[in-house]
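[1] Predicted structure and sequence below. I'll ask about it afterward.
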Amino acid sequence: MRGRGQNNFINIPEFGVRVYDALTNIKAIREQHREIAQDLVSRIESGRLLDVGTGPGRLLREIYLLNPNVHLYGLDISSAMVEYAKKGLLDISVDIRQGDILSTDYPDRYFDLVTCTGSFYLWDDPVDCLEEIYRILGNNKSAYLFETYQDFDRAKVRAAIKHNLSKEGLIRRWIAPGFLMHQLSMTYKTKQISDIIRRTPFADCYSIEKVTLGGLPAWVRIQLTRRE
């Protein structure tokens, strides 16, 4: 069975990590992380927060800048990405580990908030991954997944991409639109996201809201709450 792309990141070399970081270090994505951090900090004053698929750790830094009282954790499937993130976050207190959200070694009900940005659509076993998030999430606590979706308004998204890249360098303006549209084509439709969630313990307590992040009107905020 062909995977959705998650395993492509497991053995990414350090050079690939640096290329990824350079290509995604644009104003619109930096603004996206600031907006997500503001959203999350409005929901948690203290406690433990896990960022799944943390990548270079940009979101963790933005959260720290807004509220250093939150205990930050990051999880990424790539060991090279984890080492890169650790080096970039040496000045803040953060626990970053290499691992797969399909199965972690965190204790039951350990986190006060779990978040993820742009990784859900890559998971080969999304139902099992959401069940693991349910296991490690505290009672009456929520996970917030920020994901792009496939049934977006193409005209609005293309216009937003053009605007967002207008002041970027030539190489980014040339490469980024095709890369982003390809990524969007791989994501789920909103109904498919709902269908997946309904097969998990979050079935009776979730919401999916369309939002604009970093000027791009192609995102949803998925809230999943553990009730017992």
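    Received it, and whenever you're ready, just let me know what you need.
[2] CA only for contacts and neighbour counts going forward, please
    Will do.
[3] quick one, helices of the chain?
    Secondary structure of the chain (DSSP state H): helices located at 14-24, 27-41, 58-66, 79-88, 126-136, 154-164, 170-186, 190-197.
[4] what is the residue most central in space within the chain paired to in the beta sheet?
    Nearest to the mean C-alpha position of the chain, by Cα atoms, centre = their mean, lies Thr117 at 1.3 Å. Beta bridges link Thr117 to Phe146, judged by DSSP bridges.
[5] likewise Leu113?
    For Leu113, the beta-bridge partners under DSSP bridges are Leu49, Ser142.
[6] Tell me who's in contact with it.
    Contact analysis of Leu113 by Cα atoms under 8 Å, 6 or more residues apart in numbering lists 44, 48-50, 137-138, 141-144.
[7] cool, and Ser207?
    Ser207 neighbours (Cα under 8 Å, 6+ apart): 222-224.
[8] Make CSV from those and add neighbour count and pLDDT to it.
    Converted to CSV, the contacts of Ser207 look like this (neighbours: other Cα atoms under 10 Å; pLDDT from 0 to 100):
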residue, neighbour count, pLDDT
Ile222, 22, 98
Gln223, 18, 98
Leu224, 27, 98
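[9] any chance of those in CSV, plus distance to Ile26?
    As requested, those are exported to CSV (distance: Cα to Cα, whole Å):
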residue, distance to Ile26
Ile222, 24
Gln223, 27
Leu224, 29
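[10] and which of the residues you listed is nearest to Leu102?
    Relative to Leu102, the closest of those is Leu224; by Cα to Cα it sits at 16.6 Å.
[11] so how many other residues sit close to the residue nearest to the closest one when sequence neighbours are not counted?
    Once flanking residues are discounted, Leu224 sits nearest to Tyr206: 4.6 Å by Cα to Cα, 6 or more residues apart in numbering. Close neighbours of Tyr206, defined as other Cα atoms under 10 Å, add up to 17.
[12] wait, Tyr206 sits on Arg226?
    No: the pair Tyr206 / Arg226 is not scored as a contact, 9.2 Å apart, by Cα atoms under 8 Å.
[13] Give me the below-cutoff pLDDT ranges for this protein.
    For the chain, the stretches flagged by pLDDT under 70 are 1-2, 5, 171.
[14] Could you rerun that using 90?
    1-29, 152-154, 157-158, 160-186, 228 (pLDDT under 90).
[15] wait, what's in contact with Arg172?
    For Arg172, the contact set (Cα under 8 Å, 6+ apart) comprises 23, 165.
[16] and the nearest residue to Ala203 once chain neighbours are set aside, what does it touch?
    Nearest residue to Ala203 in three dimensions, chain neighbours excluded: Ile197, at 5.7 Å (Cα to Cα, 6+ apart). Taking Cα under 8 Å, 6+ apart, we find Ile197 in contact with 127, 130, 203, 206.
[17] And Gln32, by the same measure?
    So Gln32 contacts 213-215 (Cα under 8 Å, 6+ apart).
[18] Could you tell me how many residues sit around Asn140?
    So Asn140, with other Cα under 10 Å, has 11 neighbours.
[19] What separation do you get for it and Arg154?
    37 Å (Cα to Cα, to the nearest Å).
[20] likewise Gly214?
    The value you get for Gly214 to Arg154, if Cα to Cα is used, is 16 Å.
[21] So for these two, which sits in the more crowded spot?
    Between Gly214 and Arg154, counted using other Cα under 10 Å, the more crowded position is Gly214 (19 against 13).
[22] ok, the more buried one touching Glu35?
    Yes: counting by Cα under 8 Å, Glu35 is a contact partner of Gly214 at 7.5 Å.
[23] you'd agree Leu49 is up against Leu75?
    No: applying Cα under 8 Å as the test, Leu49 and Leu75 come out as separate, 10.9 Å apart.
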